[in-house]
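In: Here is a sequence together with a model predicted from it:
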Amino acid sequence: MIDLHKLPPEGVRQAGTTDKLELEGDVSLRDLAWSVFVLPSDGDVFIEVKGQALWQGCCCRCLAPLDRPLTVESQFLGSKDADLVGRGSHALGSQDLDVVFLPEDSLDEAELVREQFELQAPMHPLCAEDCKGLCPNCGKNWNKGLCHCRPEADQIPSALNRALTKALAGIKLDPES
Ligand SMILES: [Zn+2]
Ligand SMILES: [Zn+2]
């Protein structure tokens, strides 16, 4: 925890490493190295988070495990001033910083690091741009060859099949496709 009331004028820098950090949805980060710098600025605080890690998750179409290097470098202003937060940005020196509402008197650096990495995590990661995904019928990974399912149009839909098709239509593995 960084006490925002007792910040020295030159600021506080903290750095650390974390072997593994679990994020939401079967995603984790490995080998994190991070640093947080907090500098008082006219009652507000300038915050800089830098770090790198290996993101581990899976392809959003075929669910194959994936990893990606992830780099975080973000700077923003933390403020208690609702007006300033409402304006959304604040010029500091030559920089135009986003303003984040920070009503607390202390800053949890671990939570801050987790948040910033979560923001950088890939939203719709693909193992390859042309990943073919999984057969909605049998679940076979089409990247490894086609399955023997007949195209839907050929099927004589049974009541069960109709219900299943309807259920599957509501599930989108990749909203962009
Ligand atoms: Zn894939
Ligand atoms: Zn199939």
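Out: Happy to help now that I have it. Just so it is clear, the model here is predicted, and its values are computed rather than measured. Residues are numbered from 1 along each chain as shown. Ligands and ions are numbered 1, 2, ... in the order given.

In: Please make it C-alpha for all contacts and neighbour counts, starting now.
Out: Will do.

In: CA atoms only for the helix or strand encompassing Gln14 - export them in PDB, please.
Out: In this assignment (DSSP states H and E), Gln14 forms part of strand 12-23. Coordinates of each C-alpha in strand 12-23 appear next as PDB, following Å, rounded to 0.1, in the frame of the first residue of the first chain:
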ATOM      1  CA  VAL A  12       7.400   7.000  -4.400                       C
ATOM      2  CA  ARG A  13       8.600   4.300  -6.700                       C
ATOM      3  CA  GLN A  14       7.800   0.600  -6.100                       C
ATOM      4  CA  ALA A  15       8.800  -2.300  -8.200                       C
ATOM      5  CA  GLY A  16       8.300  -6.000  -7.900                       C
ATOM      6  CA  THR A  17       8.000  -9.300  -9.700                       C
ATOM      7  CA  THR A  18       5.200 -11.900  -9.500                       C
ATOM      8  CA  ASP A  19       5.500 -15.500 -10.800                       C
ATOM      9  CA  LYS A  20       1.900 -16.000 -11.600                       C
ATOM     10  CA  LEU A  21      -1.300 -13.900 -11.400                       C
ATOM     11  CA  GLU A  22      -4.700 -15.300 -12.100                       C
ATOM     12  CA  LEU A  23      -7.000 -13.100 -14.100                       C
END
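
In: which residues are contacting the helix or strand just after it?
Out: Downstream of strand 12-23, the next assigned helix or strand under DSSP H and E is strand 27-41. With contacts defined as C-alpha atoms under 8 Å, 6 or more residues apart in numbering, strand 27-41 is touched by 7-23, 45-58, 109, 113.

In: again, 6 Å this time
Out: 11-22, 45-57 (C-alpha atoms under 6 Å, 6 or more residues apart in numbering).

In: Turn the buried ones among those residues into a named ChimeraX selection, would you?
Out: Buried residues within the contacts of strand 27-41, by 16 or more other C-alpha atoms under 10 Å, are selected in ChimeraX with:
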select :11,12,45,46,47,48,49,50,51,52,53,54,55,56,57
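
In: Can you spell out which helices and strands pack onto the one helix or strand in the chain whose mean pLDDT sits lowest?
Out: Ranking every helix and strand in the chain by mean pLDDT, DSSP states H and E puts helix 159-169 at the bottom, with a mean of 71. Of the remaining helices and strands, none touches helix 159-169 by 3 or more C-alpha pairs under 6 Å, 6 or more residues apart in numbering; DSSP states H and E.

In: CA atoms of it as CSV?
Out: What follows is helix 159-169, C-alpha atoms only, in CSV (Å, rounded to 0.1, in the frame of the first residue of the first chain):
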residue,chain,number,x,y,z
ALA,A,159,-37.0,-31.4,-32.5
LEU,A,160,-33.8,-31.9,-30.5
ASN,A,161,-31.7,-30.6,-33.3
ARG,A,162,-33.9,-27.5,-33.8
ALA,A,163,-33.6,-26.8,-30.1
LEU,A,164,-29.8,-27.3,-30.2
THR,A,165,-29.4,-25.1,-33.3
LYS,A,166,-31.4,-22.4,-31.6
ALA,A,167,-29.3,-22.7,-28.4
LEU,A,168,-26.1,-22.5,-30.4
ALA,A,169,-27.2,-19.5,-32.4
